[in-house]
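Student: mind folding the following:
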Amino acid sequence: MMASGMNARLSSLSSVGVSADDVTKMNDFADRLDQLNAEQEDLKAKLKAKTEELYATEKAAKAKNSELAKRVKIVIPQSEWVAFGISAKR
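Tutor: Next comes the predicted model:
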């Protein structure tokens with residue numbers, strides 16, 4: 001926006017030291033910012049998908065751990081539960 005305004009009024013702005021090179025640099029900045037923003041949005045989408053995968057895997061792991069802990073408690077004496085990482089008292 002700034003670059004287009006500068007370009008349209010370059011003759012007026014030249015008296016204060018604004019040159020065509022300044023307009024080009026502003027256009028380059030705008031293009032680079034658009035590119036970086038697009039890359040960032042892509043990374044955010046990938047992160048969201050990976051986070052959902054992580055949560056699903058954690059949920060499955062916790063469920064399996066709970067199921068196996070119940071089985072261990074059936075056959076292993078309570079005094080040995082600690083070897084399995086089970087700190088429950090019952």
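Student: mind naming the longest helix for this protein?
Tutor: Criterion DSSP state H: the longest helix present in the chain is helix 20-75.
Student: give me the mean pLDDT for that helix.
Tutor: Averaged over helix 20-75, pLDDT sits at 96.
Student: and it, what other elements does it pack with?
Tutor: helix 2-8 (3 or more C-beta pairs under 8 Å, 6 or more residues apart in numbering; DSSP states H and E). (C-beta placed from N, C-alpha, C; glycine too.)
Student: give me the buried positions along the helix it packs on.
Tutor: When burial is assessed from 16 or more other C-beta atoms under 10 Å, helix 2-8 yields the following buried residues: 3, 6.
Student: who touches that helix?
Tutor: With contact meaning C-beta atoms under 8 Å, 6 or more residues apart in numbering, helix 2-8 is reached by 13, 18, 22, 23, 26, 27, 30.
Student: what's downstream of it, the next helix or strand?
Tutor: Counting by DSSP states H and E, the element after helix 2-8 in chain order, helix or strand, is helix 10-13.
Student: give the buried residues for that next one.
Tutor: In terms of neighbour count (16+ other C-beta under 10 Å), helix 10-13 has its buried residues at residue 13.
Student: average pLDDT across it?
Tutor: Mean pLDDT, computed over helix 10-13, is 84.
Student: that one packs against which elements?
Tutor: Judged by 3+ C-beta pairs under 8 Å, 6+ apart, helix 10-13 is in contact with no other helix or strand.
Student: can you add distance to residue 63 and give the contacts of helix 2-8 back as JSON lines?
Tutor: Output for the contacts of helix 2-8, formatted as JSON lines (distance: C-beta to C-beta, whole Å):
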{"residue": "13", "distance to residue 63": "66"}
{"residue": "18", "distance to residue 63": "64"}
{"residue": "22", "distance to residue 63": "61"}
{"residue": "23", "distance to residue 63": "60"}
{"residue": "26", "distance to residue 63": "55"}
{"residue": "27", "distance to residue 63": "55"}
{"residue": "30", "distance to residue 63": "50"}
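Student: of those, select the buried ones using a PyMOL command.
Tutor: To isolate the buried members of the contacts of helix 2-8 in PyMOL, using 16+ other C-beta under 10 Å:
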select buried, resi 13+22+23+26
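Student: identify the farthest-apart pair in the contacts of helix 2-8.
Tutor: Based on C-beta to C-beta, the longest span within these runs between 13 and 30 and measures 17.3 Å.
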